[in-house]
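1. here you go, sequence then predicted model.
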Amino acid sequence: FEVVIGEKVYKLKKGTYIISNIYVVYHEKDSLLKFDPSRILNKNNNLCFIPFGNGGRSCPEKLIGLSIVKIFMANFLINNLEYEILTKDKEKPNFGL
């Protein structure tokens, strides 16, 4: 089958593996040496930010890395913010003689 990328047409056989160049995802053609994280903001595509890769060759430490980030954020929120427990039952005013 044929795949069109830009102005080029590529003929691929069934079962051909296609591997994307992750480096290119995060860099602009005009400034290849400049990392610009704003390129991946407000995108509708789930694969516009792939820090651990994707598929069978993704990073084996992906789950550990994500767990560490969650633990760090939980620790940060617990230790650096003040919390107040809100209840549905408000205290009723005590009127009496």
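-> The structure has been received and is ready for your questions.
2. run through who's touching the helix ranked longest in the chain.
-> The residue-count maximum for a helix in the chain (DSSP state H) belongs to helix 62-80. With Cβ atoms under 8 Å, 6 or more residues apart in numbering as the test, helix 62-80 has contacts from 52-53, 59. All C-beta spots, glycine's among them, are computed from the backbone N, C-alpha and C.
3. need these in TSV (columns: neighbour count and secondary structure).
-> Listed next are the contacts of helix 62-80 as TSV, based on neighbours: other Cβ atoms under 10 Å; DSSP: H, G, I helix; E, B strand; the rest coil:
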residue	neighbour count	secondary structure
52	14	coil
53	13	coil
59	13	coil
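4. from these, which shows the smallest pLDDT?
-> Lowest in pLDDT among those is residue 53, which has 78.
5. that one against residue 59, yeah?
-> Yes - using Cβ atoms under 8 Å, residue 53 makes contact with residue 59 at a distance of 5.5 Å.
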